[in-house]
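Participant: Got a predicted structure here, sequence first:
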Amino acid sequence: MEIPPKSPDGSEEKSPQCRELPSSNTGSTLCMSSRSESVWTSASRSKWDIYHKPVIVVSVGAAIFLFGTVITSLSCFLTKNKNVYKMSGPAFLSLGLMLLVCGLVWIPIIRKKQKQRQKSQFLQSLKSFFFNR
């Protein structure tokens, strides 16, 4: 059984998570440094701001997949370095296909999260309307 740590003034603390924050401005720095600022601000974002990461992943995946297709087809036509083409072509094909599928799956996930966020904001506004009277 563990003994809870004692603070410098001699009083016992329940756990490290129970400690109070050192200053009041910590909350504002946490808010500013958070990953998703849309939780704290209600400003609308453009479609590019929302979907730019999956679009980039899909584009890179498609480019790598096409490069793998070209490398694999070169193994059929060229006799020099045929083993290199046979080994690297399928590797690029699989990597490109993996990125392509990940990006294509990512887009519906973002759409679902956007719908949930819209419902949540609507419910919060209804709750504030009825309970703040």
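Facilitator: All right, it came through fine.
Participant: Need the single longest helix in this protein, by residues.
Facilitator: When the chain is parsed with DSSP state H, its longest helix is helix 82-131.
Participant: what is the mean pLDDT for that helix?
Facilitator: When pLDDT is averaged along helix 82-131, the result is 89.
Participant: cool, and stretch 53-71?
Facilitator: 96.
Participant: buried residues in that stretch?
Facilitator: 54, 57-58, 61, 64-65, 67-68, 71 (16 or more other C-beta atoms under 10 Å). All C-beta atoms are positioned from the backbone trio N, CA, C, and that covers glycine.
Participant: Any chance of a markdown table for the residues you listed, columns distance to Ile107 and secondary structure?
Facilitator: Formatted as a markdown table, these follow (distance: C-beta to C-beta, whole Å; DSSP: H, G, I helix; E, B strand; the rest coil):
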| residue | distance to Ile107 | secondary structure |
| --- | --- | --- |
| Pro54 | 5 | helix |
| Val57 | 10 | helix |
| Val58 | 8 | helix |
| Gly61 | 13 | helix |
| Ile64 | 18 | helix |
| Phe65 | 17 | helix |
| Phe67 | 23 | helix |
| Gly68 | 23 | helix |
| Ile71 | 28 | helix |
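Participant: can you list these in CSV and add distance to Ser88?
Facilitator: Below are the buried residues of stretch 53-71 laid out as CSV (distance: C-beta to C-beta, whole Å):
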residue, distance to Ser88
Pro54, 27
Val57, 22
Val58, 22
Gly61, 17
Ile64, 12
Phe65, 14
Phe67, 10
Gly68, 8
Ile71, 6
